[in-house]
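*Asks:* no sequence on this one, just coordinates:
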Ligand SMILES: Nc1ncnc2c1ncn2[C@@H]1O[C@H](COP(=O)(O)OP(=O)(O)O)[C@@H](O)[C@H]1O
Ligand SMILES: [Mg+2]
C-alpha cells in the first residue's frame with residue numbers, strides 16, 4: 001500500500017519540515033472555568049502522540065479546538081508551519097484533520113459503506129447514489145485497516161465494537177486525513193478489540209499520518225505512542241518521549257503533576 005500523498009510543499013507558505021500540527025498558547029474558558037489554559041502541543045508526520053490526563057483535565061476540549069468544534073479564546077494553530085484558521089469542523093477537514101470520538105456516531109441502521117460516505121456520498125453522473133463505487137472504495141479502505149472484515153452488507157448495528165471502530169476509522173481516513181484524532185477510541189472495547197485498534201493505529205502511523213491518541217488510561221497509549229503530553233486541570237504538566245520515561249513517572253505526571261527528569265515541564269508542572 002502506498003503512503004498517502006503528503007505534499008505540503010505544494011501548498012504555498014507551508015514548510016515540509018515543520019510539524020504537521022502546532023497548537024500554541026491555546027486557552028478556552030467555559031463560564032469561569034479554564035478548561036484549557038495556555039496549552040502548547042506539536043504533532044509530526046508518522047508520529048503517535050498520546051494526550052493523557054484524568055477526566056476533566058481538558059483533553060477533549062483541546063482537541064475539539066483543533067477539530068473546529070470550539071473556537072479558542074486565545075492562542076494559535078499552525079498546520080505544516082503556516083497559520084491555520086479552523087473555525088468549523090469543515091475547516092478542519094479541509095486541513096486533513098479527522099476526529100473519531102468516543103461516541104462513534106455511526107448510523108446504526110445502514111452498512112459500512114453508507115457510514116463511510118455519510119454526508120459525503122458519491123453520486124453518479126445522473127445525481128443518484130453511486131452505491132457500487134462507494135462499496136468498492138469501502139472495500140479498499142477496509143482492506144487497509146481490517147483485512148478480515150467481511151460484513152459489508154450488514155447494518156453496522158450488527159458489528160462488534162472493534163469492527164465498528166474500524167468503520168469509524170475508515171470513514172476518517174477515506175478522505176485523505178493527514179491528522180487523525182482519536183478520543184478514547186478503546187473506552188468501550190475489550191482487550192482483543194483494543195489490540196486491533198492499536199494495530200490499526202500503528203499501520204496508519206507507518207503510512208505517515210500524525211495521530212493524537214487521547215486517553216485517561218496510560219496503558220492504552222504507552223505501547224503505541226512515541227511521545228505523550230499530560231494535562232491536569234486544563235494546564236500542560238509536560239511532555240516526554242515514551243522512551244525517556246517510565247509508566248510510573250507518567251502516572252506521577254497525571255496524578256501529582258510532577259515532571260520526571262526525562263520530561264519537558266509545561267506551565268502546569270508542580271513545583272519542587
Ligand atoms: N461545553 C462545555 N461547557 C462547559 N464546561 C465544559 C464544556 N466542555 C468541557 N467543559 C469542562 O471543561 C473541563 C475539561 O473537560 P474535558 O475537556 O471534557 O476533559 P477530559 O476530556 O480531559 O476529560 C471540565 O471541567 C469540563 O466540565
Ligand atoms: Mg474527554
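*Replies:* In hand now; what should we look at? A quick note: this is a predicted structure, and the numbers were derived from the prediction, not measured. Residues are numbered from 1 along each chain as shown. Ligands and ions are numbered 1, 2, ... in the order given.
*Asks:* where does this structure dip in pLDDT?
*Replies:* Along the chain, the parts satisfying pLDDT under 70 run over 1-15, 102-104, 272.
*Asks:* how does it look with 90?
*Replies:* Applying pLDDT under 90 to the predicted model, the residue ranges of the chain that meet it are 1-17, 99-107, 118-120, 141-150, 160-177, 183-201, 203-204, 207, 215-223, 271-272.
*Asks:* most centrally placed residue in it?
*Replies:* The residue at the geometric middle of the chain, judged as the C-alpha nearest the mean C-alpha position with CA atoms, centre = their mean, is residue 181 (1.0 Å).
*Asks:* To which secondary structure element type does residue 36 belong?
*Replies:* strand (DSSP: H, G, I helix; E, B strand; the rest coil).
*Asks:* quick one, helices of the stretch 151-272 of the chain?
*Replies:* 161-174, 191-206, 218-222, 247-256 (DSSP state H, counting those that start in this stretch).
*Asks:* Can you name the residues that contact residue 138?
*Replies:* In this structure, residue 138 makes contact with 112-113, 116-117, 152, 170, 174, judged by CB atoms under 8 Å, 6 or more residues apart in numbering. C-beta here means a position set from N, CA and C on the backbone, and glycine is covered the same way.
*Asks:* Residue 254 now?
*Replies:* By CB under 8 Å, 6+ apart, the neighbours of residue 254 are 52-54, 218, 230, 232, 237.
*Asks:* sorry, back to before: the closest residue in space to the residue nearest to the centre of the chain that isn't next to it in sequence and residue 185, how far apart?
*Replies:* In space, and not counting its chain neighbours, residue 181 is closest to residue 99: 4.3 Å by CB to CB, 6 or more residues apart in numbering. Between residue 99 and residue 185 the distance is 11 Å, computed by CB to CB, to the nearest Å.
*Asks:* interface residues of the protein facing ligand 1?
*Replies:* Where proximity means CB under 6 Å from any ligand atom, the interface of the chain facing ligand 1 comprises 30, 33, 35, 53, 55-61.
*Asks:* mind redoing it with 8 Å?
*Replies:* Within reach of ligand 1 by CB under 8 Å from any ligand atom, the chain has these residues: 30-31, 33, 35-36, 53-62, 64, 70, 183-184, 214, 216, 231, 234.
*Asks:* Any of those buried? List them.
*Replies:* The neighbour-count test (16 or more other CB atoms under 10 Å) applied to the residues of the chain next to ligand 1 identifies 35-36, 53, 57-62, 64, 70, 183-184, 214, 216, 231, 234 as buried.
*Asks:* Quick check: the farthest pair among the contacts of residue 138?
*Replies:* Farthest pair in the contacts of residue 138 (CB to CB) is 152 and 174. Separation: 14.3 Å.
*Asks:* of those two, who's got more company?
*Replies:* Taking other CB atoms under 10 Å, residue 152 and residue 174 do not tie; residue 174 has more neighbours (20 against 12).
*Asks:* Quick check: the gap between that one and ligand 1.
*Replies:* Relative to ligand 1, residue 174 is positioned 26 Å away (CB to the nearest ligand atom, to the nearest Å).
*Asks:* Right, I'll leave it there.
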